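1. this one's sequence-less:
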């Protein structure tokens, strides 16, 4: 039942917002078309401003991945993470999550297909993906859009959030889904 | 810190690739990634225009003010430096609401809009203001009531109960949000004590 409601919501939520907002606008005598165009015009400038930041971050992460350093750092971190109770299949996800959204999504899909979505590992991976975001992407895009080049302590805070999200998912899934 | 991490990725990656005979991959992946970044920006542009257009209608229809009445009080506590009636407050509230509703690609345009408004209140236009850091912290944990993408992914992989992880994601993302907000305050204090460096 609950799952069906969620599935319904996930399909309907965006069409509903797209329906309700202009409709409410029309009722409140907003010139909906003109207002939309006025708002949309802002999107152009902003995206252009993001581009150099995105190139800088994606090139750096991509070089790091291609060099094999990312995969190998997984191997170095493995003993520590295993000691902390992280299942071995999830170690790559822990490293990938803050760096690359598509990478993390790919790893999770692989885990769901090989280990099964209803296995403990599958559930933990789902929870990690559902309760954290790609810190470096969010940082690059949000700050890049307004020309902030000094993020100050934001990187540290974002990574703390990722750590809590990852270990939280591991331990809470172990409690919620025993056996 | 960002300078160090960026340099670490690039310099570390190139040296590591050289030592392990993968140097040919470096130039190819660097160029590919640069191209992907531009393609991604253009894909983002369409989504951006769409949601900023919808947001403008919502603003003029008074919907932003209505949502602010409901979730505003909590958010004002988290962002004490933002004046109550400033457009930044409305944009922050819409970002967090969209995040909670799991509006996916609407969150980024709204978040950027909020950053834009916060930048108008910022004294140093190159360095992130405390309010910006707090908003970013909230967005990197991305508190969502219904993680739609992951539920769809689980359903596609043949799960018996794709939505069963909602309880876990709620607890974990709430926990992460609280920890991040505390960490944000602590870091801000340390930062201020060191003279903003």
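-> That came through fine. Quick caveat, the model's predicted, so the values are computed rather than measured. Numbers count the residues shown, from 1 in each chain, chains lettered A, B, ... in the order given.

2. do you know the pLDDT at the residue of chain B found nearest chain A?
-> Chain A sits closest to residue B:56 of chain B, with a gap of 2.7 Å, by Cβ to the nearest Cβ. Where you see a C-beta, it was placed from the backbone N, CA and C, and this is true even at glycine. Residue B:56 is assigned 90 on the pLDDT scale.

3. distance of it from residue B:130?
-> 28 Å (Cβ to Cβ, to the nearest Å).

4. so between the two, which is more surrounded?
-> residue B:56 (25 against 20; other Cβ atoms under 10 Å in any protein chain shown).

5. go ahead and confirm residue A:107 touches residue A:93.
-> Yes: Residue A:107 lies in contact with residue A:93 (Cβ atoms under 8 Å); the separation is 4.9 Å.

6. common neighbours of those two, please.
-> residue A:125 (Cβ atoms under 8 Å, 6 or more residues apart in numbering or on different chains).

7. the longest helix along chain A and chain B, any residue contact?
-> Ranked by residue count, the top helix of chain A under DSSP state H comes out as helix A:32-66. Yes: shown here: helix A:32-66 in contact with chain B (Cβ under 8 Å from any Cβ of the partner chain) through A:32, A:35-44, A:46-48, A:50-51, A:54-66.

8. show me what contacts residue A:55?
-> B:33, B:34, B:37, B:38.

9. returning to that earlier point: so what's the residue of chain B closest to chain A closest to, chain neighbours aside?
-> residue A:39 (2.7 Å; Cβ to Cβ, 6 or more residues apart in numbering or on different chains).

10. closest residue of chain A to chain B?
-> For chain A, Cβ to the nearest Cβ, closest residue to chain B: residue A:39, 2.7 Å.

11. let me see the contact set for that residue.
-> B:52, B:53, B:54, B:55, B:56, B:57, B:59.

12. and the last one, what element?
-> Under DSSP states H and E, the secondary-structure element containing residue B:59 is helix B:23-60.

13. buried ones in the following helix or strand past that helix?
-> Using DSSP H and E, the helix or strand that follows helix B:23-60 in sequence is helix B:63-78. Neighbour counts over helix B:63-78 (16 or more other Cβ atoms under 10 Å in any protein chain shown) mark B:63, B:64, B:67, B:68, B:72, B:75, B:76, B:78 as buried.

14. using TSV, lay out those together with distance to chain A.
-> Shown next, in TSV, are those (distance: Cβ to the nearest Cβ, whole Å):
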residue	distance to chain A
B:63	6
B:64	10
B:67	11
B:68	15
B:72	19
B:75	17
B:76	20
B:78	14
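
15. and the closest residue to residue A:127 other than its chain neighbours, which of the three is it?
-> Closest residue to residue A:127 apart from its sequence neighbours, by Cβ to Cβ, 6+ apart: residue A:169 at 3.9 Å. Residue A:169 falls in the helix class when you classify it by DSSP: H, G, I helix; E, B strand; the rest coil.

16. re earlier: what is the orientation angle of the helix holding residue B:59 with helix B:63-78?
-> For helix B:23-60 against helix B:63-78, the angle by axes from the mean of the first three to the mean of the last three Cα atoms, to 10 degrees is 120 degrees.

17. low-confidence stretches in chain B?
-> Segments of chain B classed as low confidence (criterion: pLDDT under 70) are B:104, B:196-197.

18. distance of the residue of it most remote from its centre relative to residue A:67?
-> In terms of distance from the mean C-alpha position of chain B, residue B:21 ranks first, at 36.8 Å (Cα atoms, centre = their mean). According to Cβ to Cβ, residue B:21 stands 11 Å off from residue A:67.

19. residue contacts, residue A:85?
-> Contacts for residue A:85 (Cβ under 8 Å, 6+ apart) come out as A:170, A:171, A:174.

20. and it, which of the three is it?
-> Per three-state DSSP, residue A:85 ends up coil.
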